[in-house]
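Chemist: what follows is a predicted protein model with its sequence.
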Amino acid sequence: MPADRLQPSPDQVPSGGRLRALAFSRPVLLFAFAFAVMADPVSSVAYAIEAALRALDGDLGLLLPTMALVVAVIALIIANYHELIGRFPEGGGAAAAAGSAFGEAWAFIPIGALIVDFVLTIAISVSAASSALIAFASGLAPMRIPLALAVLVLVAGLTWFGHVGRAIFAAMTTLFVVVSVVVLAAGFSTTPSRPPIDLSAGHSPLLAVILAFPVAMALATGVEAPSSAIAQLGQLDDAGRRRFGRFTIWATLAIVGSLTLGLTALAVHLHIGIPRPDQTQISEVAKASVADRLYTTFQIVTALLLLAAASSSFQAGPGLLRALARRVRAGGEEAGVLHPRLGTVNRHHTPYVAVGVFLAVSAAVVVAAGAKEQELVLFYAVAVFLSFLVGLLAMARFARREGRRIVLAMSVLGAVVVTFTLAINLSRGDPIASLAASLAIAAVLWRLWVRAGRPRGIAAAVVEAER
């Protein structure tokens, strides 16, 4: 039976005081859901602007146009995912769309990309959190890798106790937004203490921006999360999940876009270029804008937000492996393709074996990158853009079948832009490892699926992972 035809049971239908309580709690639920889900893209502000500046070879004059282009591309992706949420209000994101449009086997491509994206989100978030701490206390610089690994183990350990809760992630996101607004207000009223930086000679500005913006598309990672996270909202009907999902993706664009362009403009205003190895650009922007006490607060809040983003992926990634683990459903039907141990949970419902897998792989990535988030950024906007591409192609196919020309044009344009971004990032060489890993995982999962007799429900694995 289609999800949109499901009706609530009698005990789910509110009346009297329960109706008023539900009406009061929905805004609270929306706040907690929206700000928790956007923790990942908001946290990307901490390193995406610097990544763009490095790709521009330090040319501050082109930084704002580059980040404006990044935000415009994110807006295009979000417009397409607005349509995807409308079609799949039960959740599932690109995997559900691919399975419905092209056949269930195609869902393995976005699933493989998601697994790689979760690993990279964990690795880059703990590395960036370590950089935030080092920027505040430079004496920690020689301990960068051990510090990042310690933070990684701490975050993984906390998952033993189950879901930390949307409220904590929402609080971290809100704190970062509030403190960032204070930094912006103070920074633009500050007279620059550094001389202007002029590195624009010797290259075409248009070409420089076109080649640099794909690196900064790391900012887009996580903007699609509402399309799958709405599966958590089982207390709502399809219409409610559509509203929550669509509100969240547009709120994400508004907040991430405003913070990104504001902090970018502030960096240009204060002449903050590529930072020293023991600093980050965003920390230097904050240091030049506010007093020591507020700077300390900003660094702490930044680190906590990054840890919230890592923790979120430490729950979503193992949850996806658990959903893919072999098991027998209540009706006796076999499901899943991975080893059953990956679905083993403790009394807090944490799939601890799967958590161990993500911990080991993420630790290897952190060590390989020297716990430097700017090294990992180059790999970041590959796996998730592969997932975007499959989702957009699926939406284009739906639109073509239904004769929705405007939606078709938007989906095709989105697919072209995403393909271009992938091509530029892959042309740098090393980031091809992200694509190879995503496709390799997809191929292995597909092979296991075939050997298991092609059990149904693979395209819904992302939905199951969120519940």
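Modeler: The structure has been received and is ready for your questions.
Chemist: C-alpha from now on. contacts and neighbour counts both.
Modeler: Fine.
Chemist: where's A75 relative to V178, distance?
Modeler: To V178, A75 is 23 Å away according to CA to CA, to the nearest Å.
Chemist: more crowded one of those two?
Modeler: The neighbour comparison of A75 against V178 (other CA atoms under 10 Å) goes to A75, with 21 against 12.
Chemist: gap between the helix or strand harbouring the more buried one and the chain center?
Modeler: Remark: A75 resides in helix 63-87, with elements defined by DSSP states H and E. Here the centre of helix 63-87 is set off from its chain's centre by 14 Å, with CA atoms, centre = their mean, to the nearest Å.
Chemist: just checking, what packs against that helix?
Modeler: Applying 3 or more CA pairs under 8 Å, 6 or more residues apart in numbering; DSSP states H and E, we find helix 63-87 packed against helix 45-55, helix 93-102, helix 205-216, helix 226-229, helix 238-269, helix 373-402, helix 405-426.
Chemist: how about the most centrally placed residue in the chain, secondary structure?
Modeler: For the chain, the residue nearest the mean C-alpha position is G222 (2.1 Å; CA atoms, centre = their mean). Following DSSP: H, G, I helix; E, B strand; the rest coil, the label given to G222 is coil.
Chemist: my read: it touches S43, true?
Modeler: No. Judged on CA atoms under 8 Å, G222 makes no contact with S43 at a distance of 9.8 Å.
Chemist: low-scoring pLDDT stretches of the stretch 51-200 of the chain, where are they?
Modeler: For the stretch 51-200 of the chain, the stretches with pLDDT under 70 are 162-167, 198-200.
Chemist: all strands for it, in order.
Modeler: Secondary structure of the stretch 51-200 of the chain (DSSP state E, counting those that start in this stretch): no strands located.
Chemist: which residues in it form helices?
Modeler: 63-87, 93-102, 108-136, 144-158, 166-187 (DSSP state H, counting those that start in this stretch).
Chemist: and the angle from the fourth one to helix 108-136?
Modeler: Using axes from the mean of the first three to the mean of the last three CA atoms, to 10 degrees, one finds that helix 144-158 and helix 108-136 are set 120 degrees apart in direction.
Chemist: measure how far helix 144-158 is from the centre of its chain, please.
Modeler: Using CA atoms, centre = their mean, the offset of helix 144-158 from its chain centre is 20 Å.
Chemist: give the buried residues for that helix.
Modeler: Residues of helix 144-158 classed as buried: 144-149, 151-152, 155-157 (neighbour count, 16 or more other CA atoms under 10 Å).
Chemist: can you check the first one too?
Modeler: Buried residues in helix 63-87, counted by 16+ other CA under 10 Å: 63-71, 73-87.
Chemist: what does it contact?
Modeler: For helix 63-87, the external contacting residues (CA atoms under 8 Å, 6 or more residues apart in numbering) are 49, 52-53, 56, 91, 93, 97, 209-210, 212-214, 216-217, 219-220, 223-224, 227, 242, 245-246, 249-250, 253, 257, 260-261, 264-265, 268, 388, 392, 395, 407, 410-411, 414, 417.
Chemist: 7 Å instead, please
Modeler: Under the contact criterion CA atoms under 7 Å, 6 or more residues apart in numbering, helix 63-87 has outside partners 52-53, 209, 213, 216-217, 220, 224, 227, 242, 245-246, 249, 253, 257, 261, 264-265, 395, 410-411, 414.
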